[in-house]
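> coordinates only, no sequence provided:
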């Protein structure tokens, strides 16, 4: 929702349809059931899952691949993503380990 995001972060939103295959690549810090954004703010597991459910209900993607690189990234997906919403998640760490990211 562009209007709701005006003045927040970059203001950019995914404007996809039921015909689009969407990939989200997220890299930052994380903890149990939480990831952080570079300039402040957090995303909680329950909010992420609720957003994906809402996107599915509103036909905002055909398939969605979510790659998350953060410590404890696996915990963001532990709270059961429904099988019928065409979301695949790949994480760099399990729910209980650090990510040990290395960037060159």
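On my side now, so go ahead. Bear in mind the structure is a predicted one, so any value in this text is a computation, not a measurement. Numbers count the residues shown, from 1 in each chain.
> list the buried residues for stretch 92-102?
92, 93, 99 (16 or more other CB atoms under 10 Å). For glycine as for every other residue, the C-beta is placed from the backbone atoms N, C-alpha and C.
> what's next to that stretch, contact-wise?
Residues outside stretch 92-102 that contact it (CB atoms under 8 Å, 6 or more residues apart in numbering) are 27, 30, 32, 68, 69, 70, 71, 72, 73, 74, 75, 78.
> out of the residues you listed, who's nearest residue 11?
Nearest to residue 11 among the contacts of stretch 92-102 is residue 27, at 20.2 Å by CB to CB.
> quick check: that closest one touching residue 70?
Yes: counting by CB atoms under 8 Å, residue 27 touches residue 70, with 6.9 Å between them.
> more neighbours, these two?
Taking neighbours as other CB atoms under 10 Å, residue 27 and residue 70 compare with residue 70 leading, 24 against 16.
> with adjacent residues omitted, what lies nearest to that one?
Excluding the flanking residues, the one nearest residue 70 by CB to CB, 6 or more residues apart in numbering is residue 30, at 3.1 Å.
> residue 77: neighbour count?
A count of neighbours around residue 77, defined by other CB under 10 Å, yields 19.
> next one: residue 61
The local packing of residue 61 (other CB under 10 Å) involves 23 other residues.
> residue 44 now?
13.
> who are the neighbours in contact with the residue nearest to it when sequence neighbours are not counted?
What sits nearest to residue 44 in space, not counting adjacent residues and going by CB to CB, 6+ apart, is residue 34, at 5.5 Å. By CB under 8 Å, 6+ apart, the residues touching residue 34 are 42, 43, 44, 45, 76.
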